[in-house]
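> turn this into a model:
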Amino acid sequence: MWRPVRSAMSRWGRLRQSFWFLPAMLCGLAVVLAETLIFLDRQLSDVDLGPLGLLITRVGESGSRDLLGAVAGSMLTVASTTFSITIAVLALSSSTYGPRLVRNFMADRGNQFVLGVLVATFLYSLLVLRSIRVLDEGSTDYFVPHLAVNVAVLLAVLSIGALVYFIHHISDSVQVWTLAREVRTDLLAAVDRLYPEKIGWDSRDVANGEAPRDVPASLDIDGVPVPSQATGYVQGVGHEDLLALAHKHDLVVSLRVRPGSHTIDGATLAVAWGRCHPDDDVLAEIGRAVRIGKARTPDEDVEFSVLVLEEMAVRALSPSTNDPYTAINALDDLSAGLVLLAGRRTPSPYRYDRQGHLRVVAPTVVLTDLMDHVLDAMRQYAVEHPSVLHRTLELVEQVGAATGQPAARARMDTQVQRLVEAFALSSPQSCDAEELSRHADRVRRSLAGPVLRGHP
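Now for the predicted structure:
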């Protein structure tokens, strides 16, 4: 039986991915640490610590104020500087490689950690500074949390180390291979989640996109549309919730969207069919199972990561950039994800309950859709770069060797023909045209070759 893939990102998971979550957690720890050390200083003010007391430097009330003020002021300045550097890097990367890469910087744990350490050190210093005060009204004696002040110095040293790390990290993060590697990691993770190596299989699952016989014939006519309650992109679908809901109310739910689809308020998300028409509450529950956000994410949308790498390649081939090596680098990382996907079986869009009744019809992304999109883009933008075309043919050969789907191989063979024809129309030198033609013939022979065992 088909086993639904769990939602890749729970609400807690999305919260952890936000840019402010880690800095907020570190600020909370700074508050707890400051209050704890101030409390210990009060308890140990009259206690002889012996040799341990030598480790605590006592600089008095005035010195402690100056020290904490210097730490707090410098941390705020450094935090502002690092934030400005981050914004500058975001602007450079988005204009050069594509605005969709901004989310990688926002979700980067290194950037979050550095900002969190600097802000937490600033907050800690303010809280400790606030605790330095006169013991009794009219007295000249002050309470100085010497232990907390010494820890502030240690945090300042840690912040300097974080700043050095940040400079190295931000310099490395703008390298094209680093950006492409991060997107490739997202792509591989999405393939592993959505196209597991071992999935349940049922005899009712139908290959080649054909509908099984138990799909209601009047589903599109008598089905009740489920309207969208928001405008945005579908970020995920709760398949388990839909399956349970359809089973409970004896329905067949046919989704009209998939992760990555754009929808508008009032548009049809799904069609629900049953012997008894579902009421508004049931339709609202179905609608809530489709998570809509303001932007696409790679968590349940395998096509998104492919499009980001494709965009990197296309932008690199623009006349203003003219960087075919970056395009080749993007195709290298793209091939890793597509080869992995080619070796996996696409889950059936028809989902059944435990009693064997069809409950959910959910569209899925297939290999041919992704390959068509990539190869169309290369045919349109890479015809003036033979080296990129050769790397594109290598990608086709790698994916073709990894898949056992005759339809996918036939489709890629057609795309190879179109690629050679487009290059010939660009008036290349005869030597380049002949070399590409020979390479294409070799790839087409490999696509027409026997399918290896073990392929899905």
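
> distance from the chain centre to the helix or strand containing I38, please.
Per DSSP states H and E: I38 is located in helix 21-43. With C-alpha atoms, centre = their mean, to the nearest Å as the basis, helix 21-43 stands 32 Å off its chain's centre.

> now do whichever helix or strand comes after that helix: distance to the chain's middle.
Toward the C-terminus, helix 21-43 is succeeded by helix 60-97 as the next helix or strand (DSSP H and E). Here helix 60-97 is found 27 Å from its chain centre; the criterion is C-alpha atoms, centre = their mean.

> show me which positions of helix 60-97 end up buried.
Neighbour counts over helix 60-97 (16 or more other C-beta atoms under 10 Å) mark 64-65, 67-68, 71-72, 74-76, 78-79, 82, 86, 89-90, 93, 96-97 as buried. All C-beta atoms are positioned from the backbone trio N, CA, C, and that covers glycine.

> number of residues surrounding A267?
For A267, the tally of surrounding residues (other C-beta atoms under 10 Å) stands at 15.

> over to it: give its phi and psi.
Note on A267: backbone dihedrals following degrees, to the nearest 10 are phi -70, psi 160.

> mind listing what's buried along the helix holding I38?
By neighbour count on 16+ other C-beta under 10 Å, the buried set for helix 21-43 is L22, P23, L26, C27, A30, L33, A34, L37, I38, D41.

> distance-wise, check the first one relative to V78.
As defined by C-beta to C-beta, to the nearest Å, L22 lies at a distance of 17 Å from V78.

> what does stretch 148-166 contact?
Residues outside stretch 148-166 that contact it (C-beta atoms under 8 Å, 6 or more residues apart in numbering) are 33-34, 37-38, 41, 55-57, 59, 64, 67-68, 71, 74-75, 78, 82, 85, 110-111, 113-114, 117-118, 120-121, 124-125, 128, 131.

> again, 6 Å this time
Contact with stretch 148-166 is made by 37-38, 41, 56-57, 64, 68, 71, 75, 78, 82, 114, 117-118, 121, 125, 128, as judged by C-beta atoms under 6 Å, 6 or more residues apart in numbering.

> closest to the centroid, which residue in the protein?
P298 (4.3 Å; C-alpha atoms, centre = their mean).

> and it, what element?
Assigned by DSSP H and E, P298 belongs to neither a helix nor a strand.

> tell me the contacts of it?
D186, A190, F304, S305.

> hang on, the first one packs against S305?
Yes. In this structure D186 lies within contact range of S305 using C-beta atoms under 6 Å: 4.7 Å.

> between these two, which is the more surrounded one?
Comparing D186 with S305 by other C-beta under 10 Å, the one with more neighbours is S305, at 26 against 23.

> from N104, how far off is R444?
37 Å.

> and what of T364?
For T364, the distance to N104 equals 26 Å [C-beta to C-beta].

> higher neighbour count, these two?
When T364 and N104 are compared for neighbours, N104 comes out ahead with 20 against 15, by other C-beta under 10 Å.

> distance of that one relative to T178?
N104 is 9 Å from T178, by C-beta to C-beta.

> how about A88?
With distances taken as C-beta to C-beta, A88 is found 17 Å from T178.

> and if you look at S446?
Distance of S446 to T178, computed by C-beta to C-beta: 32 Å.

> for V78, same thing?
According to C-beta to C-beta, V78 stands 24 Å off from T178.

> how about A189?
A189 is 17 Å from T178, by C-beta to C-beta.

> ditto for T121
Note on T121: its distance to T178, by C-beta to C-beta, is 28 Å.

> these two: who's more crowded?
Using other C-beta under 10 Å as the criterion, T121 and T178 rank with T121 on top: 28 against 13.

> mind listing what that one touches?
By C-beta under 6 Å, 6+ apart, T121 lies in contact with M75, L155, S159.

> in which helix or strand does V252 reside?
Using DSSP H and E, the element containing V252 is strand 251-255.

> three-state assignment of R359?
Under the three-state scheme (DSSP: H, G, I helix; E, B strand; the rest coil), R359 adopts strand.

> residues near the residue nearest to it when sequence neighbours are not counted, how many?
Leaving aside its chain neighbours, R359 sits nearest to A246 (3.9 Å; criterion: C-beta to C-beta, 6 or more residues apart in numbering). Using other C-beta under 10 Å, A246 is surrounded by 25 other residues.

> rewinding a little: quick one: residues in contact with the strand holding V252.
216, 219, 242, 246, 270-274, 358, 360-362.

> next: stretch 36-45.
Identification of contacts with stretch 36-45 by C-beta under 6 Å, 6+ apart yields S131, P145, L147, A148, V151.

> do the same with stretch 431-450
Stretch 431-450 is contacted from outside by 386, 389-390, 393, 396-397, 400, 409, 412-413, 416, 420, 423-424, using C-beta under 6 Å, 6+ apart.
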